[in-house]
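Student: this one's sequence-less:
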C-alpha cells in the first residue's frame, strides 16, 4: 500500500521527528524541540498536542529557565501505550510489560516443560500469564511480540523449533492474538530479540549476540540493525558443526554447537563441561567471525551464569584461530536470561516511537491499514 | 563530497538511464529509448550524442522498421572504454581486457610461484603482462581492478594473504598504478570478484560462491550484491574450522577448511582426497548456510575440475546437516578458473555503465574529482 506523499505523510514524519527528540536523553521544552528540528514553534505545539492526546508525551510542571515564559519540559508518558513481551521457552513461559520510557512495569515467568507438548497447552499458559502482567501493569497495550526459540519464516510463522519437536508450522502470533482479544502479536526469533535488547541497552552496533539455553542461537547485529540473511533466518549458530563425528543433534545433524554448548551438555556444571562448551563456542565463532567480519561477540542467555572460565575458553580459542588483526571483543551480556523477553516488549515500544502516526487516527493522520 | 542536486546531477542521472537501456538485451533506437525512459526524443538525442562522442555508444546502420523515418539501432560501442582485469595468484599472474559489451578482447596468464616472493617481482611481472594485453586489445582503458587472494581493508590496502606470507600491508592498487602510468587501479578480493562475475553471468542473486585454489575463499551474494560484513572482509570461508584438532593452517589456525579442501590437499587427486574435501566443504557450508540463510552455493575456481564426486560429497553433507526446509542448491561454476580475472575487468566496465558521466567532462557534466 503506497501512501501519497502529501500533507498526511509530512505530518506523520514530523510526529516521529518530534517524538524522537522528546525521547532523547536531554529534557526539552516545545521551544527546544523547535530549535532542534527546525520546525516552527506553532507546528511543534500542534504536533505535541496530538502526541499528548494520544498518551505518548507528558508535559512536566513548568520551570523558569531564563527570561520570558516558563518552559515546560516534555517527556515520554510512562502511562502511555506500552509493549507486551511474551516468550515461549523450552522449559518456561514468560510475559512482561515495558512502558514507553523503557521501564519494565510487570514481569512474570512460569516454569513448564514444553518438549513433549503440543503448542496449545503452552499457548494457553502463556496467554493466561499475559493477562496477569497486563492487569498488573494497568497500561494501554499497543501490541505484543512473542519470542520463540525456533526458525520463523518471512510470513511470521514458526517453521520449526529443534527443541520443541511438536511445534511445526505454527502461527504463534495469530494463535496468541486470538486468545488475547485480537491484540496484534508478532512472532520473533528468541536470539534476534535478545540481540536487539542488547543493542537497545547500549551494546555494540556490530556484534554476534549468542543466546545460550537448551538451544543455542544468535542474533547478528550489523550497523545497529538485525542482519536477516537472504531469507530472514540468519544466525542459527547452534547448528554450526564443531565436531563432525560428534553426538546427534535434535535438528537431525551431528556435532552441532548446541550438542556441546547447550544447557543440557552444561547441566553437570563441572569445569570440564564448561571448558568444552567454551572451546566449541570459540570454534563456531571463529567461522562466524571469518564469514561475517564482525568485531564483537556478546554471550547472553544462560552463559553469563557459567562464569569467567567459559569466557576465558572462548577468548583463548578465538585468539588462537581468528586471523583478524584487530581481534575479537568477547564479553558477557549484562541483561540476564530474560533479554529476549525484554527485547520482545521493547520491540513494540520502539515501533511506536519510530512511527507514532500509526497509533493516531484522525486529525490528518490515518492509522496504517485503516480504510481510507 | 556532496553534489548539488541541479541540472548537472539530472543530466548525469539521465546519461546512466539512457546507457542502461542501450545496454539491455533488446536493440533500441533513439525513439525506443525515449519510449522506455519517458524522456523526450530531443533529450534522448542530445544524451546519445554525448555518449557517442565519449565512445560509449555506437549507432548501427539504419533499418526501416515501419512507416516514417528509418530507425538506427543503438548498441554499446565495442571500441569504447574497456576494463583491465589483473590477478595475482599464488602460482600465476593474469591480465585481461573486457570491452563495454562484456566480451574478452585479450587474455594472458603466466605461471610464476609467489609463495616466497616479495611483492615487487610479481607486480613487475603483472605490470608487464598488463602492458601486453592492453597492446593486444588496442582499446582505450577506463581503469583496472586487481584480484588478490587475501584480505583487503576498507582503504583498499592488502592486509594479509595467508598463502603469500611476504605480502603484508601492500597497497597493490597504487603500486600497479605507478607502473602503469597512473591508470586507476583498485584492489579486490579474488573470491569477491569471482562471485560478482558469477552474478554478472546470470548466476543466483543470493549465493555463497566458493573459490577453490591454493587458498579457499568465498564471495557472499545477497540481493545480487556483495555482502561486505561489518568490516568489508566477509566471506573468509577457507578459515572456518572443519577439524578442530586438524593440521596447522598457513593462517596460524588449525583444521581450517583450506587445509582439507585447498589445492595442496587435493594435489594427489585421488578419490579419497576429493571425498574428504567435499565432506569438509559440506561441513563449512553447513555453518555458512545456517549463519547467512543463503539458498544456493556455487563451487568455482579449481573445484569444477574435481568432477562429480566432489559435488556429490558436498551435496550429501549438506543434505544430512542443514535443517533448512528448502534445501540448498549446490552447483559448479561454469566460468572456469579465470572467473576472478574476468570479474576484475568487468567490475571496471560495470562502473562505467553505472555512471558514464564520470568519464564525460564538459557539456554540463563534470568528471568526479575534477576541480569545479
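Tutor: Happy to help now that I have it. What you see is a predicted model; the values in this text were computed from it and never measured. Numbering: from 1, shown residues only, chains lettered A, B, ... in the order given.

Student: what angle do the longest helix belonging to chain A and helix B:271-292 make?
Tutor: Secondary structure of chain A per DSSP state H: the longest helix is helix A:271-292. Going by axes from the mean of the first three to the mean of the last three CA atoms, to 10 degrees, helix A:271-292 is angled at 90 degrees with respect to helix B:271-292.

Student: for helix A:271-292, what is the average pLDDT?
Tutor: Per-region confidence: helix A:271-292 scores 97 on mean pLDDT.

Student: tell me what that helix is packed against?
Tutor: Helix A:271-292 is packed against strand A:207-212, strand A:216-222, helix A:257-261, helix A:263-266, strand A:296-301, helix A:308-321, helix B:271-292, with contacts defined by 3 or more CB pairs under 8 Å, 6 or more residues apart in numbering or on different chains; DSSP states H and E. Quick note: C-beta positions are derived from backbone N, CA and C, even for glycine.

Student: now with 6 Å?
Tutor: Counting contacts by 3 or more CB pairs under 6 Å, 6 or more residues apart in numbering or on different chains; DSSP states H and E, helix A:271-292 packs against helix A:257-261, helix A:308-321, helix B:271-292.

Student: check what contacts that helix and list those residues.
Tutor: Applying CB atoms under 6 Å, 6 or more residues apart in numbering or on different chains, the external contacts of helix A:271-292 come out as A:208, A:237, A:240, A:242, A:257, A:260-261, A:266, A:297, A:306, A:309-310, A:313-314, A:317-318, A:321-322, A:328, B:229, B:234, B:236, B:239-241, B:244, B:287-288, B:291.

Student: filter the residues you listed to the buried ones?
Tutor: Burial by neighbour count, judged by 16 or more other CB atoms under 10 Å in any protein chain shown, picks out A:208, A:237, A:240, A:242, A:257, A:260-261, A:266, A:297, A:306, A:310, A:313-314, A:317-318, A:321-322, A:328, B:229, B:234, B:236, B:239-241, B:244, B:287-288, B:291 from the contacts of helix A:271-292.

Student: residue A:49: what secondary structure?
Tutor: helix (DSSP: H, G, I helix; E, B strand; the rest coil).

Student: any idea of the pLDDT on it?
Tutor: On pLDDT, residue A:49 comes in at 96.

Student: just the one 10 residues further on next, same as before
Tutor: Model confidence at residue A:59, given as pLDDT, is 91.

Student: give me every residue that touches it.
Tutor: If you count contacts by CB under 6 Å, 6+ apart, residue A:59 has them with A:72, A:74.

Student: ok so, going back, so the longest helix of chain A versus strand B:207-212, what angle?
Tutor: Calculated by the same axes, to 10 degrees, helix A:271-292 forms an angle of 100 degrees with strand B:207-212.

Student: how close does the residue in the stretch 251-372 of chain A positioned nearest to chain B sit to residue B:143?
Tutor: Closest contact between the stretch 251-372 of chain A and chain B, by CB to the nearest CB, is at residue A:293 (3.3 Å). According to CB to CB, to the nearest Å, residue A:293 stands 26 Å off from residue B:143.

Student: got it, and residue A:102?
Tutor: Per CB to CB, residue A:102 is found 50 Å from residue B:143.

Student: tell me how far the longest helix of chain A lies from the chain's centre.
Tutor: Put simply, helix A:271-292 sits 24 Å off its chain's centre (CA atoms, centre = their mean, to the nearest Å).

Student: got it, and stretch A:82-90?
Tutor: Averaging C-alpha positions (CA atoms, centre = their mean) puts stretch A:82-90 10 Å from its chain's average.

Student: try stretch A:264-272
Tutor: Relative to the mean C-alpha coordinate of its chain, stretch A:264-272 is positioned 28 Å out (CA atoms, centre = their mean).

Student: give me the neighbour count for residue A:336.
Tutor: Neighbour count of residue A:336, defined by other CB atoms under 10 Å in any protein chain shown: 13.

Student: could you find the closest non-adjacent residue to it?
Tutor: Nearest non-adjacent residue to residue A:336, counting by CB to CB, 6 or more residues apart in numbering or on different chains: residue A:304, 7.6 Å away.
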